[in-house]
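Asker: Quick check, what structure comes out for this input:
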Amino acid sequence: MVLTAKRKYKKTLNADDASSKQAKKERQQKRQRQEESDQESDAMVGGTGFSEEEEGGDWESNSDDSDNEDSKLESTKVKHTKPTEDDIISGELEELKETAELYKSNIFKLEIDELLGEITMNYNKHKALEKALHHLKSVFDSIPEGKPMKLHEFSQTMLKKHKIKTPFPDPQPAQDALNTFKFEKPAAMHIVGSYGLKSIAKSKQHFNVDVAVEMPNSLFQEKDYANYRYHHKRACYLAVLAQAIQSASSKKFELEFSTLNHDARRPVLLIKPTGDQSDVDFSKTKCVIRILPSIASTVFPLHRLAPGKSCVKPALSTPHYNASLLMDTSYTGNLAFLYGHSKNAEEFKNAILLARTWIHQRDLQRVGLTPFVFSMIMAYLMQGNSDGTGKKLTASHSSYQLLRGTLDFLAVHDFKQQPVMMGQVEGKPEFSAEEFKQHYDVVVVDPSGMLNLTADMTASGLAQVQHEAKLAMSYFNDSNDQFDALFLKKVNDFRFKYDNVLTIPSSALNGLAMSEEAKADYHSCLPYFLQRLADILIRGLTNRVKLIAVQHTYESSTWAITHTMSNNAPFTIKVGFLLDSDNAPRLVDQGPDASNQAAVDEFRQFWGSKSELRRFKDGAIVESVVWQTQGYENRSLIVQKIVLYLLQLHLKLKDGLDYWAGQLYNHLNFAKSLPEHLFSPELKVNGFHSVMSAFSAFSKHLRQVDDALPLLINNIYPAHANLRYASVNIPHPVDFNNMVAYPNTARYFDAMDVVVQIERSAKFPDDLSALQKVKHAFYLKMAEELKNRYQLDSVVVDDVREKNPYAMRGYLDVYYFGYCFRCHICLEQEAALLTKIVDSKASTEMNKDLAKEALIKYNTTLKYRQIHTFYVQAMCAKYTAYSSTVRLVKRWFGSHMLSAQVSDEMIELLVAHIFLAPQPWVTPVNTLAAFGRVLNLLATWDWVNQPLIVDIEEELTSSDHQQILSDFQQHRKTNPTLSVGAFTIATSKDRTGHRWTHFKPGRPVAARIQALARASVQTLDQDIKRVFVTPMQDYTVILDLNIDCCTRYYQNLHPQASHFHNHNNGGLLGDTPYVQFDPVTELVQEIEKIYGQTVMVFYNKYGGQQLALVWNPIVATPIQWKVQSGYNSVPVDMNKNGFLKPAKGQSEISKLIAPNFAAILAEIKRLGQGIITQQE
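Answerer: Residues are numbered from 1 along each chain as shown. Just a heads-up that it's a prediction; the model follows:
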């Protein structure tokens, strides 16, 4: 529908704008009539209860009815005529102009309208719910007045007579407590919350219908606000309401208790339908009715509930306890506040729906930003302060502008130092802004001036809200459409969102001690612990992290009314860390100067034994904390060391913690079973420094020999994964003079491609064959000079397997201090000659095809790879986790036997995408988080209908994006079978997106990649090591390999040490170094070359031990017999669905043939004799 609207938008843009003034005038008149109608509406404050519903419908529909009535009266005064075509066109044009002013863009407005259409609730279908609500009111009104009873006596009576457990919070009332409870009928009932405002958004989960049941003032004594007396009586009242519903014989409901915002002091009653098909069965509405006991604001002396007052001894102040009680006085007043703004602003409710979607996708309600709080802040920005300041939004703003303005405010406002005061109590200093600032981390005071709506929000929670709000603002300002990232994508998956994740089970807090003051203020140990945890981590990690996100989830927050409230309900705490790439690996934290004794004592108390006095190079003598470690991997885990150390020191937490950070680093290093004298453990500390230093030194030596060449060397470019920090294993130096020490299973080493660009010359021949001989002569001269000057061994190779007379075929292998560099000379004349043959009309088709093939080889080897290497090197320099993520993803593809189906360059671009376009998250800093995001990308990417645009060159504009999308759609139309470019990964240098994915992966393999990625994402939390275990049941044939012929076996994740004992003193290969010698890969390439039409080959080039085959199902379809069918065939009879066996006396056989898979398999086994051992 959005796409249809976009097409309509583009068509309308070209329409004539001649008659827009008349249409605009008519719309202005319509708006004016609507505003007059709104001003004449009745005041809504007194209409929030059920009483008006019984007399004539709910309060909101009453107001809407009056609006409609006014519209009908005015419509009789205006004479309408049928609009002409010009009027319609001009109206559309004017609407587009207004849209551009009120929304980010016309397309964005269409997307918002589409979203609102999907999530807006149809309240006309809630007849059964309305009947259920009226039934509940009649039940509550008919409850007889009770007799005074002591609280303990009341709870015992409810249990014995009605089997209802009164939901008392801790501390429970003492048995000898003298205060009594006497039930009286509710003073009023009100539909409150989002349903009362009609701002519910449709979703897969049920929604809540909140009913505030106001307890009469006479129920309480003046000092019942203190020491949980109010909360105990509130629990008793709720138990009576539950008993009344349960006893009502005419209508049946399912009843449960729960807590409001997980506050045990505020239990609520949940009413669910039974599905009995009665007139009050609201199961189709997919909602739950919540009964919320409330009180009038006049019940208690409110100054006793100020933030700085203590209502529970021995605490000096109980701000959270006081806010918990004040919440029960605020339902109707705050609803009236919001309703007033919704009547004045036409788009207010739509803005709430958008905000609700944005909050839900990010789970921000877990940290205290509920849709209600967001709505109150938005209303505040429309109203401003009492002195006229602070007003940032108006009633004429669109839903987009209201949402954007509120998010902008959330992103930058300092809620601690500049409290949001929607109302202030004159003459009561105990409710001043300073008092709120002193007792809460975040301050948003409601219109009463007494209740902090964000009393339970911590500094960590606010940081999470502001982080998401800043991201949202960046999406709004992005020239590319980020609608999906804003509203459609689920964001709060800790595995992908955060660099490091700490998980703490509830069992880990069993020994946590709370002070008496904390017990008095907090409803349980959980909020107290979350506060302490956040404070400790924020202080300890300083600028190593950009965000510390502390969240918790309950396994169950409801219980049967016959059961006791569980104060030990299982919960899980998760802490997410967004690392600062510059500061996270810092080795030293400097503290105060040694002369400041008070600060030193405080620093030592916080850091414990880790604190020590140190002198630095600048002469400073300060307290410091040093984290001794080396290498990228170890330094990337310093934050983990700090967190675990501080938790054990301050909170005594050690067992049961799960820290998600470096679990997969061992997949990038050589296995411990390898002999250390061949593969030094120091490799992972030094990283790619050794090979890059060797390349740099080699480049200098190569440049120094160009004085002996006829032409100078212009440039030397790296063009290999090892030289762009992207090889799975760090390249290890090989002792070429002691190759006999290497067993067959460890004899492989790479030939690293290097492009040597020679300056242009007019003397080069115009014949391609002669040009290849010139290049060969260059290789020979370079080899001679390297040997004479630097005693470097080198080999000039002429690839005799290359049969194309136009193609490049030679190279120079230089053995350089443990590494082998393969040099390819690049002459621009070569490409020009090939292009000339392709474009010449005199060329035959065969010659053109040969030239095209040679040109592709030339560009790929000498141009594309070196350009790609340059940009990948830049990515590694800019993003610290990019290199290790690429390596890990390559390991994943290899482990799933996809080495023959995907290119290294394709994988590197896939990984680059999640760094360059990380929406809806930020750029990852940790390898594990980035790896998870790549899997998530592969699992969710609609590759059939969407290209992947990777701006690795950072050159693409919005128009470039649109052009790539257009070209992609055209390609899909001309290639519906996806025989070419199943994966489209476009860059600035490759707008088609098929440079590295032209034929591979094919459509079946692309589908398998996505299936494997989805399974891997599901497995991440369960057993992360199983992510690298591939299912084998889908392959047609599985062949075992002779490990002694697997020269890359040492790259296996779990190689057996027994295969590295060189019993036969050099094995089959002797003491000669064979560069890039990989029999398994050679076999796979040979199979694909010969049988590629009938079979797909799967293997793991990183030391895999098996080869898998899948027959091509398309080729398996029988065809008419013909000469040169392309494969080993056998006659078949389709009617019998098998091989033909002619009947006796029948001379004629079928003319249909199909691949002879049995014979092909036998040929493959014969081809791989010695490498293939047996078939499973």
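Asker: ok, residues contacting stretch 357-370?
Answerer: 115, 119, 201, 203, 371, 374, 403, 407, 442, 454, 456-458, 460-462, 464-465, 468, 472, 486-492, 549-553, 920 (Cβ atoms under 8 Å, 6 or more residues apart in numbering). In this view, the C-beta of every residue, glycine as well, is placed from N, C-alpha and C.
Asker: need the next SSE after the lengthiest helix in the chain, C-terminal direction.
Answerer: In the chain, assigned by DSSP state H, the helix with the most residues is helix 768-790. On the C-terminal side of helix 768-790, the closest following helix or strand by DSSP states H and E is strand 793-798.
Asker: mind checking the SS state of Ile504?
Answerer: Taken by DSSP: H, G, I helix; E, B strand; the rest coil, the conformation at Ile504 corresponds to strand.
Asker: Can you list the buried residues in the one helix or strand Gln438 maps to?
Answerer: Gln438 is located in helix 433-439, with elements delineated by DSSP H and E. Neighbour-count burial for helix 433-439 flags Ala433, Glu435, Phe436, Lys437, His439 (criterion: 16 or more other Cβ atoms under 10 Å).
Asker: Enumerate every residue touching Phe348.
Answerer: Taking Cβ under 8 Å, 6+ apart as the test, what Phe348 contacts is His341, Ser342, Met378, Ala379, Met382, Ala395, Leu402.
Asker: if I look at it, how far off is Met382?
Answerer: 8 Å (Cβ to Cβ, to the nearest Å).
Asker: Can you pull the residues that touch both of those two?
Answerer: His341, Ala395, Leu402.
Asker: Buried residues of the one helix or strand Phe154 maps to, list them for me.
Answerer: When elements are assigned from DSSP H and E, Phe154 belongs to helix 151-162. Buried residues in helix 151-162, counting neighbours by 16+ other Cβ under 10 Å, are found at Leu151, His152, Phe154, Ser155, Met158, His162.
Asker: ok, now stretch 616-635?
Answerer: Under 16+ other Cβ under 10 Å, the buried positions of stretch 616-635 are Val622, Glu623, Ser624, Val625, Trp627, Tyr632, Glu633, Asn634, Arg635.
Asker: hang on, the earlier thing: what is the rounded mean pLDDT of the longest helix of the chain?
Answerer: Throughout helix 768-790, pLDDT has a mean value of 94.
Asker: got it, and stretch 462-482?
Answerer: Rounded mean pLDDT across stretch 462-482 is 93.
Asker: List the buried residues for it?
Answerer: Within stretch 462-482, judged by 16+ other Cβ under 10 Å, the buried ones are 462-473, 475-476, 480-482.
Asker: all helices for the stretch 1001-1150 of the chain, in order.
Answerer: 1003-1019, 1079-1091 (DSSP state H, counting those that start in this stretch).
Asker: Report the contact partners of Glu560.
Answerer: For residue 560 the amino acid is Ala, not Glu. Applying Cβ under 8 Å, 6+ apart, the residues near Ala560 are Leu255, Glu256, Phe257.
Asker: Dump the residues you listed into JSON lines; add distance to Thr274, neighbour count and pLDDT as well.
Answerer: What follows is the contacts of Ala560, written out as JSON lines (distance: Cβ to Cβ, whole Å; neighbours: other Cβ atoms under 10 Å; pLDDT from 0 to 100):
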{"residue": "Leu255", "distance to Thr274": "10", "neighbour count": "19", "pLDDT": "93"}
{"residue": "Glu256", "distance to Thr274": "13", "neighbour count": "18", "pLDDT": "93"}
{"residue": "Phe257", "distance to Thr274": "17", "neighbour count": "26", "pLDDT": "94"}
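Asker: Just these: which are in strands?
Answerer: Leu255, Glu256, Phe257 (DSSP state E).
Asker: For the second one, give its distance to Pro918.
Answerer: The reference is to Glu256. In terms of Cβ to Cβ, Glu256 sits 41 Å off from Pro918.
Asker: what do you get for the first one?
Answerer: Leu255 sits at a distance of 46 Å from Pro918 (criterion: Cβ to Cβ).
Asker: try Leu909
Answerer: 15 Å.
Asker: so Ala807, which of the three states?
Answerer: Quick answer, by three-state DSSP: Ala807 is coil.
Asker: Verify the stated contact: it with Ala854.
Answerer: Yes. Between Ala807 and Ala854 there is a contact at 4.0 Å, judged by Cβ atoms under 8 Å.
Asker: who has more neighbours, the two?
Answerer: Ala854 (24 against 21; other Cβ atoms under 10 Å).
Asker: just checking, that one is part of a strand?
Answerer: No. Using three-state DSSP, the assignment for Ala854 is helix, not a strand.
Asker: Return the residues in contact with it.
Answerer: Ala854 neighbours (Cβ under 8 Å, 6+ apart): Leu768, Asn804, Tyr806, Ala807, Met808, Leu834.
Asker: again, only this time at 7 Å
Answerer: Contacts for Ala854 (Cβ atoms under 7 Å, 6 or more residues apart in numbering) come out as Asn804, Tyr806, Ala807, Leu834.
Asker: Nearest to Asp798 among the helices of the stretch 1001-1150 of the chain would be which one?
Answerer: The closest of the helices of the stretch 1001-1150 of the chain to Asp798 is helix 1079-1091. By Cβ to Cβ, the value is 18.3 Å.
Asker: Just the buried residues of that closest one, please?
Answerer: Pro1079, Val1080, Thr1081, Leu1083, Val1084, Ile1087, Tyr1091.
Asker: For that helix, give me every contacting residue.
Answerer: 900, 1041, 1045-1047, 1095, 1097, 1099, 1101, 1160, 1164, 1167-1168, 1171.
Asker: And stretch 600-612, by the same measure?
Answerer: With Cβ under 7 Å, 6+ apart, stretch 600-612 has contacts from Arg539, Gly591, Pro592, Ala594, Glu623, Ser624, Val625, Tyr645, Leu649.
Asker: mind listing what's buried in that stretch?
Answerer: In stretch 600-612, counting by 16+ other Cβ under 10 Å, buried: Val600, Phe603, Arg604, Phe606, Trp607, Lys610, Ser611.
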